[in-house]
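*Asks:* sequence and predicted structure below; questions after.
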Amino acid sequence: MNIAPYLLLATLEGLVQASVLMLTALGLSLVFGVMRVVNVAHGEFFMLGAVGAWICATLIPGPPAVAFVAALVLAPLFVGAIAWAADWAILKRIDYNPEATIVATIGLMYIIQQTTLWSFGPNAQAVDAPFYYTLRFPWFGYSTYKFFIIGAAVVLVGGLLYFLRHSKVGLVMRATQFDRETAQNFGISVGRVYSIVFAVGAMLAAIGGVLVVPAQQAHYLMGHDPLLLSFVVVIVGGLGSIPGTIAAAILIGMSDGLLSVFFSPTLAKIFSTLLVALVLVFKPEGLFGKAGR
Amino acid sequence: MQDLKTHSEFMLPRRKLLTGMAAAGAALAAPGLVGRAVAQSGDVIKLGAPFHRTGIGAAYGRWYERTAKAALAIINEQGGINGMPVELIIEDDGTDPKRGVEAMEKFAAEHKVDAVFGHLFSHVVAATAPRAGELKMPYFLCSEGHALAAGAFNRYTFQPCITDVKSQISSMAPWMSNNLGKKVTLIYPDYAFGYDHRDNMTAAMQAQGGEIVASIAIPPTETSYTRYMPQIPFNTEVIYHVMVGPGVLTFVKELGEHLGSQRPEIFGFIDSLEAVALDIPQLDYLEGTYFWEAMPRYAQAEQNEFDKFYREKVGVDANGASVDDAKDVSTFSHMFSVWETLFAIKQAMEMADYKGPDQKVAMLEAMESITGFAQSNEFPQGDKVFNGKTHQAFGHQNISKVVDGKLELTYTTSIDETMYPDETDYTQMSF
């Protein structure tokens, strides 16, 4: 067996997986890092992003690229607004209590899922890619749109890091993450920061959904796998650690791609779950996390 | 930092969301209420229909429901069954085995229906059929699974109007190996229905002197398929694919991306494209490939009057899509079974002069005594032979070729070609 084509395909698949994971997991990680909220509804924000892209594709006439660009802006804004509302209506009321937020976000997950089922319907809906061209290698073809996913994710994550490091909002977020009470003493409105962080986290998941939907399809149950994998990434990377999350997303994405292609996708899932178990036993703060503050 | 203006912009979506939530709650609660209200009336024949309204089988469920309602309207226009009107009680089972069983229990205990029909996905059937036997509920499948004919179920379970995978494959494998090639790669969903395909195709190809060079199982909940494609060996002569679930369109698109123009021959079960439009650019590569169809989706040049009648009543156009929405493609090769099963139930009930549960055993025995159905408005898919011992129907199978983005009927098997020796005899079981 000539191994080169398999290795190439596995790498490409792994990179695509890693790119989407990076976005969704960063959202989850940000929310946990700053707010200490384990957001079980995170996968549904991903799904809403995909559904939002479908709505844009249906309503906006013209070439698919126009609708896609609109979806990249509108869908995350829409999802961010929902997250903002959920934060105001639910999380704020229970004072961000860690146990209560888990239960509350489980409820939120079902509410979003069932509302989508009821309005969007139970069918998978395809969205046209902004461009359609298959790159032909000697052994197999590969959709060029998937390269775009990788590029877009890298740009977006770069942008997010820059925003966190160099903008005032980013500074305030990091201050709140580092020490909530001190931040409050310095006049930072922690409630407002939490709302923003929850919305931004959801928007990152939504962007992941928009990016993925032309390569897959929008479906009301599609939030499950990204949620699971995001948790895997966030735990392996260290809860709340942004660089750790990025590194773990690449590790999990690539190992998933390689194991899926060379062995089986089921084995890849077993491996990532096993990795979580091992990390929790031997290095509970995560591979890249700092020991508890 | 955000100012107050931005904050107030979020007021409207929030209110909308809350109204949406409340409405969703009401909508979710409603079906149960409706069900309870109708369960009271008497002197009607009540048929329970556990359809896959949601979950991975939703596309099938939508069309099963439309087809069942169309057939039911005809039956009631003709005076119902034995002078009694027929009422349909639909429960959504979410394409979930556990909920399938719950629906069956609800039909028996709460709605007290006379029979249950219309289950499709084989993992739901596998869970529900034993419960139907325990509850002594006549249970008519529209599923294609081989488990029933293999003797896995009970005397209450029938599949009178759709053929099983074993007979479909054993009749088509010779055509495939003679016309397309002998080195076959199988791609199938990773659950009971897929295993029926794997086991029967492997045996059938070996009988033809062929060989299965790879056997690729994919979970029906999968959303991305490219990573499975490298398992297709380069020496493959024929790719045989059957896929179900919400991701089927992604599956065929990614198969095309992967293979390009140097593709081997491809023979697919139409399941891989049920409810999916064929004429999109990403599926151009399917031109010249073959599909199995139970009933041709595209009205053929020599369309018969029964096909015409059936399409008109269900509301399906000549391309197999809804007359109201050309993008809403039907599950044409499966949904006829719901239509035909309703008429089969009617026939058995009339033979037994069925008035209520007192004649249940007589009705089941009448069903077992039926030897077949002739092609007609009631049985538009075609003639059928019914085996009362195995409770399974046998019928013609069609092989169609993709020509100009449409399916063109190429070969139709005889019913004899689809027969295999009995594997069980349910008439030996007690009621």
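*Replies:* Now that the structure is in, tell me what you want to look at.

*Asks:* show me where the stretch 51-200 of chain B has its strands.
*Replies:* With strands called from DSSP state E, counting those that start in this stretch, the stretch 51-200 of chain B shows them at B:86-92, B:115-119, B:139-141, B:157-158, B:183-189.

*Asks:* and chain A, by the same measure?
*Replies:* Using DSSP state E, the strands of chain A run over residues A:134-136, A:141-143.

*Asks:* and the first one, what's buried?
*Replies:* Put plainly, it is strand A:134-136. residue A:134 (16 or more other Cβ atoms under 10 Å in any protein chain shown). C-beta: built from backbone N, CA, C; applies to glycine.

*Asks:* per-residue pLDDT, residue 34?
*Replies:* Just so you know, I chose chain A. Residue A:34 is assigned 88 on the pLDDT scale.

*Asks:* wrong chain, I was asking about chain B
*Replies:* You'll see residue B:34 listed with a pLDDT of 42.

*Asks:* who in the stretch 101-250 of chain B is up against chain A?
*Replies:* For the stretch 101-250 of chain B, the contact set with chain A under Cβ under 8 Å from any Cβ of the partner chain comprises B:219, B:221-224, B:226-230, B:234, B:246-247, B:249-250.

*Asks:* give me the buried subset of those.
*Replies:* Buried by 16+ other Cβ under 10 Å: B:221-224, B:226-230, B:246-247, B:249-250, out of those.

*Asks:* inside helices: which ones of those?
*Replies:* If you go by DSSP state H, those have B:249-250 in helices.

*Asks:* so what's the closest residue to chain A within the stretch 151-300 of chain B up against?
*Replies:* Nearest to chain A in the stretch 151-300 of chain B, going by Cβ to the nearest Cβ, is residue B:246, at a distance of 3.5 Å. Counting by Cβ atoms under 8 Å, 6 or more residues apart in numbering or on different chains, residue B:246 touches A:123-124, A:217, A:219, A:221, B:56, B:58-59, B:223.

*Asks:* rerun that using 6 Å as the cut-off
*Replies:* Each residue near residue B:246 by Cβ atoms under 6 Å, 6 or more residues apart in numbering or on different chains is listed here: A:124, A:219, B:56.

*Asks:* what's the closest non-adjacent residue to the second one?
*Replies:* Nearest residue to residue A:219 in three dimensions, chain neighbours excluded: residue A:124, at 4.3 Å (Cβ to Cβ, 6 or more residues apart in numbering or on different chains).

*Asks:* what's the separation between the one you found and residue A:83?
*Replies:* In this view, residue A:124 and residue A:83 are 24 Å apart by Cβ to Cβ, to the nearest Å.

*Asks:* again, but for residue B:103
*Replies:* 35 Å.

*Asks:* so those two - more neighbours on which side?
*Replies:* The neighbour count for residue B:103 versus residue A:83, taken as other Cβ atoms under 10 Å in any protein chain shown, is higher for residue A:83 (32 against 27).

*Asks:* make sure residue B:295 is actually in contact with residue B:335.
*Replies:* No. Applying Cβ atoms under 6 Å, one finds residue B:295 not in contact with residue B:335, separated by 8.8 Å.

*Asks:* identify the residue spatially nearest to the residue most central in space within chain B, adjacent ones excluded.
*Replies:* For chain B, residue B:334 is the residue whose C-alpha lies nearest the centre (Cα atoms, centre = their mean; 4.1 Å). Of all residues not flanking residue B:334 in the chain, residue B:60 sits nearest, at 6.1 Å (Cβ to Cβ, 6+ apart).

*Asks:* can you tell me how far that neighbour sits from residue B:237?
*Replies:* In terms of Cβ to Cβ, residue B:60 sits 31 Å off from residue B:237.

*Asks:* over to residue A:155?
*Replies:* Per Cβ to Cβ, residue A:155 is found 44 Å from residue B:237.

*Asks:* looking at those two, which is more packed in?
*Replies:* Taking neighbours as other Cβ under 10 Å, residue A:155 and residue B:237 compare with residue B:237 leading, 16 against 10.

*Asks:* that older thread, so who does the residue nearest to residue B:334 touch?
*Replies:* Contacts of residue B:60 (Cβ under 6 Å, 6+ apart): B:52, B:120, B:331.

*Asks:* do the same with residue B:287
*Replies:* By Cβ under 6 Å, 6+ apart, residue B:287 lies in contact with residue B:402.

*Asks:* quick one: name the residues of the stretch 1-150 of chain A near chain B.
*Replies:* A:6, A:9, A:13, A:81, A:84-85, A:111, A:114-115, A:117-118, A:122-124, A:126, A:134, A:136, A:140-141, A:143 (Cβ under 6 Å from any Cβ of the partner chain).

*Asks:* from these, which would you call buried?
*Replies:* With neighbours counted by 16+ other Cβ under 10 Å, the residues of the stretch 1-150 of chain A next to chain B contain buried members at A:6, A:9, A:13, A:81, A:84-85, A:111, A:114-115, A:117-118, A:122-124, A:126, A:134, A:140-141, A:143.

*Asks:* low pLDDT regions in chain A?
*Replies:* Across chain A, the ranges flagged by pLDDT under 70 are A:1, A:289-293.

*Asks:* elements contacting whichever helix in it runs longest?
*Replies:* Longest helix in chain A by number of residues, with DSSP H as the criterion: helix A:4-35. For helix A:4-35, the elements it packs on are helix A:144-166, helix A:168-178, helix A:190-212, helix A:224-237, helix A:242-262, judged by 3 or more Cβ pairs under 6 Å, 6 or more residues apart in numbering or on different chains; DSSP states H and E.

*Asks:* which strands and helices sit next to the second one?
*Replies:* Using 3+ Cβ pairs under 6 Å, 6+ apart, the elements in contact with helix A:168-178 are helix A:4-35, helix A:190-212.
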